[in-house]
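Asks: Sequence plus predicted model, see below.
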Amino acid sequence: MRPFTYHRPSDPAEAARLAAAHPGARFIAGGTNLLDLMKLQIETPGNLIDVNRLGLDRIEDTDEGGLRIGALVRNTDLAADQRIRRDYAVLARALLSGASAQLRNKATTAGNLLQRTRCSYFYDTTKPCNRRTPGLGCAAIGGFNRGHAIMGTSESCIATHPSDMAVALRLLDAQVETVQSDGRTRSIPIADFHRQPADRPDVETALEPAELITGVVLPPPLGGRHVYRKVRDRASYAFALVSVAAVVGPQGQRFAFGGIGTIPWRNEAAEKLGAADAIAAAVTRGARTTAQNGFKVTLVRRTLASVLSEARAVP
């Protein structure tokens, strides 16, 4: 690990100003992803800005009837919150499907949104990766890519987005709140937050340089039955081959998918269809598969059918 300068700001605006004053600086909270990347020298920031003491660790009711989740709320605390368990059960279930209990105790809401791909070629500095070094190439294309994305890919990158939490937030139409170095704030729809790779896989989110996530806002509860189903190679501590987040109730049905896209994947037009096969076909239309991951198209259909059977079952 390379030497770095450590900063401890007193408020979010100061944290953003510090980041602007030190190009290439990184915010750190739980560090469950960043520290690994630093040890491997994939990330080599000269400055670390500790945001743990900024008072962003609360879950609060909003005037609109939803919830505001502070950027520093730990995944364990979020999944255990009674309001989340009651009104946003799909989010609680997605969180509990991710990582291990030890990691969830440290991982934060903002960090979960910002975690980087777990593509093995991204982590192997001896192999070309356009996310790590733009223009170097993508070793996963033509390499071992059984777990890689089939939707939203490009000639530059086929890496899968790793977050379970982000899939549920995409389903719920969350908003990501931020502060910039000049003190301005904004709210970014989760649908616009993560970016498909196109020809710039290294630009992964809509955040500007030095922009700090301060919270995530959930709209009023949807009601209905919530399901999160994650299919993976082993029962725990593994990333999804396919995951399905679903809410089915009086307001209709919604679905979001993990393990298939370069970003959390949702096709809102498909939600208007009735049969699982038709929904799955619409969701995976245009899929770019390889010889190794083409099975994901079938796995989406089968997983969605199982989820719909559970969600539509008469209590």
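Replies: Structure received. Residues are numbered from 1 along each chain as shown.
Asks: Could I get the pLDDT score of Leu37?
Replies: With respect to pLDDT, Leu37 scores 97.
Asks: What is the neighbour count of it?
Replies: For Leu37, the count of nearby residues is 19 (other Cβ atoms under 10 Å). For the C-beta atoms, the positions are set from N, CA and C on the backbone; glycine is no exception.
Asks: Ignoring the adjacent residues along the chain, who's closest to it?
Replies: Distances taken as Cβ to Cβ, 6 or more residues apart in numbering place Glu43 nearest to Leu37, at 3.9 Å, with adjacent residues excluded.
Asks: Neighbours of that neighbour, how many?
Replies: The tally of other residues near Glu43 (other Cβ under 10 Å) stands at 18.
Asks: just Ala94 next, same as before
Replies: That count, for Ala94 with other Cβ under 10 Å as the rule, works out to 29.
Asks: quick one: it is in a helix?
Replies: Yes: assessed by DSSP: H, G, I helix; E, B strand; the rest coil, Ala94 belongs to a helix.
Asks: What are the neighbouring residues in contact with it?
Replies: Ala94 makes contacts with 164-165, 167-168, 228, 230, 243, 245, as judged by Cβ atoms under 8 Å, 6 or more residues apart in numbering.
Asks: Of the residues you listed, which is the nearest to Trp265?
Replies: Set against Trp265, the nearest of the contacts of Ala94 by Cβ to Cβ is Val167 (7.9 Å).
Asks: Touching the helix or strand that the closest one is a member of from outside, list them.
Replies: Assigned by DSSP states H and E, Val167 falls within helix 165-172. Residues outside helix 165-172 that contact it (Cβ under 8 Å, 6+ apart): 75, 88, 90-91, 93-95, 98, 109, 112-113, 190-191, 194, 216, 218-219, 222, 228, 243, 245-247, 254-258, 264-266.
Asks: Next: stretch 59-71.
Replies: 29, 51, 55-58, 73, 77-78, 81, 83-84, 87-88, 108-110, 177, 212-221.
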